[in-house]
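>>> heads up, no residue letters with this:
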């Protein structure tokens, strides 16, 4: 079988983890500020979706019993 990871001495798994953590830490303050403002959006969409599903089920039931 071929070894596709390259030479063992050049790969640093901790380096990519450190870079990822730095990336997450950079974006954290912006996403925390935006989260409370956007939290009402998904709730409204969920409520509209549930109401639409109930209407569709009621219409199908009404047509089936008609």
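Arrived safely, thanks for sending. Note that the coordinates shown come from a computational prediction; the quantities given were computed from them, not determined experimentally. Residues are numbered from 1 along each chain as shown.
>>> pLDDT below threshold where in the protein?
Along the chain, the model assigns pLDDT under 70 to residues 1-14, 28-41.
>>> what about the helices in it?
With DSSP state H as the criterion, the chain has helices at 13-38, 40-65.
>>> how about these in JSON lines, adding mean neighbour count?
For glycine as for every other residue, the C-beta is placed from the backbone atoms N, C-alpha and C. Listed next are those as JSON lines, based on neighbours: other CB atoms under 10 Å:
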{"stretch": "helix 13-38", "mean neighbour count": "9"}
{"stretch": "helix 40-65", "mean neighbour count": "9"}
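>>> and residue 24, how far is that from residue 56?
40 Å (CB to CB, to the nearest Å).
>>> for residue 47, that is, sorry about that
Taking CB to CB, one finds residue 47 at 15 Å from residue 56.
>>> for residue 50, same thing?
11 Å.
>>> ok, residue 26 next?
Counting by CB to CB - residue 26 and residue 56 are separated by 44 Å.
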